[in-house]
Every structure is written in structure tokens, then in C-alpha cells.
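Enquirer: quick one, what's the 3D model for this:
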Amino acid sequence: MTTGSGVSFPELLAASPVILGEGAVIERLRRSDGIRLDEHVVNSALIYQETGRTALEGICRQYLEIGRRYNLPLLLSTPTWRAGRERIAAAGLAGRDLNGDNVRFLAGLRDSYGEYARQVAVCGLMSCRGDAYKPAEAMTAAAAAGFHAWQAGALAAAGVDFLLAAPLRP
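Expert: From the prediction side, this is the model:
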């Protein structure tokens, strides 16, 4: 799969011994004044609120600036760790393309960095069901495939460069 800027992820890996990845975005947002994380989709819906979108953009731009300054490839993950179909509906956002809107948000930020954008990949962060840190709640392989297929399709249709599976057990 190629990045929105036309460079494949394997090319990024081959071109640099180090790739910068953003991290702890949810925790940074959780500690920000004026930010309220949704109980169902956590930080996914922040792009629909001016204050949340501004905070998320500020954090992402910090990573983009570091990557550009040191000429390092960067992986930007969509804030979609809790943006599965069930959680989107519970948050009252059914019918909105929450996953796609987050991809387009990050792609727009990436694309605003001119030539450096060719070194930035947008990865679609997959959702989990329940508490991903409790293996006893794990789904069967068939149930997991069915659960994740919807979001994987939404992220892929929006143009992510690849999918990222963080803790996904349940």
C-alpha cells in the first residue's frame, strides 16, 4: 500500500533506520484543559468539536515538526482505537463516517507539510471490543474477523496507508 504522498510503507522502512511514531495522544488529550473524551469513542469524535480538533491538530503538528526537523519518516495513527461500529452507534454518531473523517483530517495535516509529506504515513488504528487488556474476554477468530472487517473497510476506503492493530483481543 502506498502513502497518500506516493511512497510505499516498505520504502519508508528501507529508507531510514528510524521511523518516528506519535504516542500517548489520548493521555495528552486527557490531561488537556477543556477536552472531554467521549465515553464510547474516546478521542475519535474530537475532530467534530472546535476545541478538540484544535488540540488534536496541535499534538499532531508537534510530531510533524519533529519529524521534519530531523528528516525522519513519521507514522501518524488515526484516533480511532475505539471507533468500531458498536461504539460509534453508542456515541450517537451512527451515519457519520467517523473513521474516514479521521483519516481525511490526518491526511490534510500531512499534506500541509509539502515535500516532507512524502515521508509521512497515515495508519488506521483499529478498534477493540470491550477491554482489550483482558484476554478472558477474547472473541473467537471468526468473531474477531467479522467485528474488525467493517472498520478495516472504512479505513481502507478513506485511503489509509496501512492498518495498525494495537491491543485487539476482545
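Enquirer: which parts of this structure are helices?
Expert: 9-15, 25-30, 50-70, 85-90, 98-111, 141-158 (DSSP state H).
Enquirer: ranking these by burial, who's on top?
Expert: Most buried of the helices of the chain by mean neighbour count (mean count of other C-beta atoms under 10 Å) is helix 98-111; its value is a mean of 21. (C-beta placed from N, C-alpha, C; glycine too.)
Enquirer: on contacts alone, who are the packing partners of that one?
Expert: Using 3 or more C-beta pairs under 8 Å, 6 or more residues apart in numbering; DSSP states H and E, the elements in contact with helix 98-111 are helix 50-70, strand 74-77, strand 120-125, helix 141-158.
Enquirer: how about a cut-off of 6 Å?
Expert: Packing partners of helix 98-111 (3 or more C-beta pairs under 6 Å, 6 or more residues apart in numbering; DSSP states H and E): strand 120-125, helix 141-158.
Enquirer: nearest to residue 10, out of those?
Expert: strand 120-125 (10.6 Å; C-beta to C-beta).
Enquirer: partners of that closest one, with directions?
Expert: Within its sheet, strand 120-125 is paired with strand 74-77 (parallel), strand 162-164 (parallel), according to DSSP bridges.
Enquirer: how near is the one residue sitting closest to the centre of the chain to residue 34?
Expert: Closest residue to the average C-alpha location of the chain: residue 78 at 1.3 Å, with C-alpha atoms, centre = their mean. For residue 78, the distance to residue 34 equals 22 Å [C-beta to C-beta, to the nearest Å].
Enquirer: got it, and residue 14?
Expert: 42 Å.
Enquirer: run a quick neighbour tally on residue 93.
Expert: Residue 93 has 19 neighbouring residues, counting by other C-beta atoms under 10 Å.
Enquirer: could you check how far it is from residue 109?
Expert: On the measure of C-beta to C-beta, residue 93 and residue 109 end up 21 Å apart.
Enquirer: kindly report the same for residue 116.
Expert: On the measure of C-beta to C-beta, residue 116 and residue 109 end up 11 Å apart.
Enquirer: so what sits against both of those two?
Expert: Counting by C-beta atoms under 6 Å, 6 or more residues apart in numbering, residue 116 and residue 109 have no common neighbour.
Enquirer: give the contact list for residue 37.
Expert: Going by C-beta under 6 Å, 6+ apart, residue 37 touches residue 43.
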